[in-house]
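Peer 1: following is a predicted model, sequence given first.
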Amino acid sequence: MMIDISISELVNNARLAQKEIENFTQEQVDAIVKVVAKTIFDNAEALAKIAVEETGMGVYEHKVAKNLGKARIIWNSLKSKKSVGVIEEDLESGIIKVAKPMGVIGALTPCTNPIVTPMCNIMFALKGRNAIIIAPHPRAKKCASYTLELINENLKKFNLPKNLIQTISEPSVELTNELMKSVDVIVATGGMGMVKAAYSSGKPSYGVGAGNVQCIIDRDVNFAEAAPKIITGRAFDNGIICSGEQMVIVHNDDYDNVVNELVKNKAYFVNNEDDKNRLKKVLFDKDGVMNREAVGKSAAAIGKLAGIGVPDDVSVILVPVDARGKEDVLCKEKMCPVIGIVRYKSFEEALDIAEANLEYEGKGHSVAIHSNNKNNLIKAGERLPVSRLLVNQICATMNGGSFVNGLAATTTLGCGSWGNNSISENLDYKHFINITRIASVIDGAAQPPDDVIWG
């Protein structure tokens, strides 16, 4: 929707549209959700091109892969799920669950992920028979408008209400704030300022926390297998993915071998303090805020900014870090293909380092671990304040769900109370439905005697 109308008109139109699909069957719902995913899949190249051109971030080929991959996996995840009418009947508890729409969803989407985040939110909203209004980042408004144009055009054959899926054509902070106060539910994917505003809007909200994925390499793994996964994750879309690996935490005895494997996989190792300090100054200002000019740029471009001769064929800049947490700004999230590497002497110390860095930034998000030691995996899961612990996988591309893991397929990752979020799981369609629970008397159920209750 490219014409300028007020937020109140957008919301009123959305409410009317939502009422028209409230009585859709599961088959009708799934048919339109499939079209949304297939639209992105079929236009992956054109949408990747406009995303790179408008935002100036990321890698065209990676965005194509992301458009294809997320369209596949999210539709595959949703197509067999019930979201209309009776979705579950538990004979043991006597509870029957009936799904209902939430109403109008307001979705704040980022410039770092301007195609698949709107796609994902639209799919989840429609799966629950909701209307949705996208509030894109101002640097990605063309992406949002073009994406919605394609989707709405392909949905015409279903004779849907035209205002079921809308966008703010000229987004601003003021309009987004007004939208948040007017819709029924908010999902905010992007900067922490907007996430905080969503939670302050007075409306039910789902937000995300900052990423700063710590990547622990245990002693029992094949480094030649782990290294390409780590480099692929850090380099993906020039490092703007919140699930991208940020710090390699490796045993002291394995340090040189791991560095060699990472270099074999197109990492450039920064081996002197002068280059390291120049890199810090380019990535962060004196207050530790990420330099916008470095966000989503290639390793070679980052090297040029820092005055370091990084070859054009390098994928990632690898920099040694001798500190943890607030002791070194390189322990923060770096939204470009730069990754730190730090040594540990025991697995407990590896957890100490990861925890300190997460306390600095990224608490509640995720940790990647390369390990075949179940005891250590459990130990890390019990100790680290994160919502996801991804094992032996590429965190940047598989943390939001994969065909080979059980995480919900999504583009929005909740970080729990650690990250000031309302959920500590991957956002899913179930977060966009209300449920009525029909509670009947359980056959044969009765109050047990006190000696059983208190025994």
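Peer 2: Arrived safely, thanks for sending. Residues are numbered from 1 along each chain as shown.

Peer 1: how near is residue 17 to residue 31?
Peer 2: Residue 17 sits 17 Å away from residue 31 when distances are taken as CB to CB, to the nearest Å. Every residue, glycine included, has its C-beta placed from N, CA and C.

Peer 1: these two: which has the busier surroundings?
Peer 2: Neighbour count, other CB atoms under 10 Å: between residue 17 and residue 31, residue 17 has more, with 20 against 14.

Peer 1: pull the contacting residues for that one.
Peer 2: Contact partners of residue 17, counting by CB atoms under 8 Å, 6 or more residues apart in numbering, are 131, 160, 161, 162, 163, 164.

Peer 1: does residue 402 really touch residue 393, like I thought?
Peer 2: Yes. Applying CB atoms under 8 Å, one finds residue 402 in contact with residue 393, separated by 7.0 Å.

Peer 1: what is in contact with these two at once?
Peer 2: In the contact map built from CB under 8 Å, 6+ apart, no residue is linked to both residue 402 and residue 393.

Peer 1: which residue ranges of the stretch 101-250 of the chain form strands?
Peer 2: With strands called from DSSP state E, counting those that start in this stretch, the stretch 101-250 of the chain shows them at 104-109, 131-136, 165-167, 185-188, 205-207, 213-217, 245-251.

Peer 1: run a quick neighbour tally on residue 318.
Peer 2: Neighbours of residue 318 using other CB under 10 Å come to 25.

Peer 1: right, I mislabeled it, should have said residue 53
Peer 2: Taking other CB under 10 Å as the neighbour definition, residue 53 ends up with a count of 11.

Peer 1: compute the distance between it and residue 140, please.
Peer 2: As judged by CB to CB, residue 53 and residue 140 stand 11 Å apart.

Peer 1: could you measure residue 55 against residue 113, distance?
Peer 2: 10 Å.

Peer 1: higher neighbour count, these two?
Peer 2: Relative neighbour count places residue 113 above the other of residue 55 and residue 113, with 30 against 22, counting by other CB under 10 Å.

Peer 1: surely that one meets residue 211?
Peer 2: No. Distance between residue 113 and residue 211: 11.9 Å, which falls outside the contact criterion (CB under 8 Å).

Peer 1: buried ones in the host helix or strand of residue 76?
Peer 2: Residue 76 is located in helix 60-78, with elements delineated by DSSP states H and E. By neighbour count on 16 or more other CB atoms under 10 Å, the buried set for helix 60-78 is 62-75, 77-78.

Peer 1: ok, residue 223 - how many residues close by?
Peer 2: Close neighbours of residue 223, defined as other CB under 10 Å, add up to 18.

Peer 1: may I ask you to confirm that it is in contact with residue 230?
Peer 2: No. Under the criterion of CB under 8 Å, residue 223 makes no contact with residue 230, lying 9.8 Å away.

Peer 1: how about the contacts made by residue 336?
Peer 2: Applying CB under 8 Å, 6+ apart, the residues contacting residue 336 are 238, 239, 240, 283, 294, 295, 296, 297, 299, 302.

Peer 1: and for residue 262, nearest residue in space, chain neighbours not counted?
Peer 2: Computed as CB to CB, 6 or more residues apart in numbering, the closest residue to residue 262 that is not its neighbour in sequence is residue 227, at 5.1 Å.

Peer 1: from what I see, that neighbour and residue 258 are in contact.
Peer 2: Yes. In this structure, residue 227 is within contact of residue 258 by CB under 8 Å, at 6.9 Å.

Peer 1: give me the low-pLDDT residue ranges for this structure?
Peer 2: 1-4 (pLDDT under 70).

Peer 1: the same query, at a cut-off of 80, please.
Peer 2: Low-confidence segments of the chain, defined by pLDDT under 80, span residues 1-4, 191, 194.

Peer 1: show me the contact partners of the helix or strand containing residue 382.
Peer 2: Following DSSP H and E, the helix or strand that holds residue 382 is helix 374-383. With contact meaning CB under 8 Å, 6+ apart, helix 374-383 is reached by 216, 218, 347, 351, 354, 355, 367, 369, 371, 389, 391.

Peer 1: again with stretch 430-438
Peer 2: Identification of contacts with stretch 430-438 by CB under 8 Å, 6+ apart yields 83, 87, 95-102, 105, 124-125, 127-128, 130, 185, 187, 206, 423.
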